[in-house]
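Novice: heads up, no residue letters with this:
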């Protein structure tokens, strides 16, 4: 699985003009699944992203996780994180999991965050979404479960 984490002051997602998910301070998690992903990758991504110390403590140092900071998660499925742009001008997305498999994995990732005590809001799988955010820092971090 791959994820792009953005520490936010607030974030929301809209589908057809309707807000489907919104959070205050926390993490916007843009996530994508690969065909071989399963429970182990979900657990690794949920653990790593929810425990990363990227929120400031009283001294302004990165010493708190989203859990310790009392933040929330806005989870948005984004298969384009598996874009392969090495050939030509049109990206290939063959590295992304097929739709129904990806939907199930993203749903399982949301549940893994909830089991960690996090409030989770989501987008709508497969929909054209408009994501609004106020990046805090900015702090933006790329995670790929192949690397940890």
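Specialist: Okay, I see it. Quick caveat: nothing in here was measured; it's all calculated off a predicted structure.
Novice: where do the strands sit along the protein?
Specialist: Secondary structure of the chain, counting by DSSP state E: strands at 2-15, 18-23, 26-32, 55-56, 62-64, 72-77, 120-122, 130-144.
Novice: Please convert those to TSV, extending it with mean pLDDT and mean neighbour count.
Specialist: Glycine gets a C-beta too; all of them are placed from N, C-alpha and C. As requested, the strands of the chain are exported to TSV (pLDDT from 0 to 100; neighbours: other C-beta atoms under 10 Å):
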stretch	mean pLDDT	mean neighbour count
strand 2-15	98	20
strand 18-23	98	16
strand 26-32	98	26
strand 55-56	97	20
strand 62-64	97	15
strand 72-77	98	26
strand 120-122	98	19
strand 130-144	97	14
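Novice: mind putting those strands in CSV, distance to residue 39 included?
Specialist: Compiled in CSV, the strands of the chain are given as follows (distance: least, C-beta to C-beta, whole Å):
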stretch, distance to residue 39
strand 2-15, 16
strand 18-23, 24
strand 26-32, 15
strand 55-56, 27
strand 62-64, 27
strand 72-77, 17
strand 120-122, 18
strand 130-144, 17
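Novice: Which among those is found nearest to residue 83?
Specialist: The stretch from the strands of the chain with the least distance to residue 83 (C-beta to C-beta) is strand 26-32; that distance is 9.4 Å.
Novice: And for the closest one, what's in contact with it?
Specialist: Applying C-beta atoms under 8 Å, 6 or more residues apart in numbering, the external contacts of strand 26-32 come out as 1-8, 11, 45, 49, 66, 69, 71-82, 96-97, 102, 106, 109, 118-119, 131, 133.
Novice: between the single longest helix found in the chain and strand 72-77, how big is the angle?
Specialist: Using DSSP state H to define each element, the chain has its longest helix at helix 99-115. Inter-element angle recorded for helix 99-115 and strand 72-77: 170 degrees (by axes from the mean of the first three to the mean of the last three C-alpha atoms, to 10 degrees).
Novice: pLDDT of helix 99-115, averaged?
Specialist: Along helix 99-115, the predicted confidence averages to a pLDDT of 98.
Novice: in that helix, what's buried?
Specialist: Under the neighbour-count criterion of 16 or more other C-beta atoms under 10 Å, helix 99-115 has 102, 105-106, 108-110, 112-113 buried.
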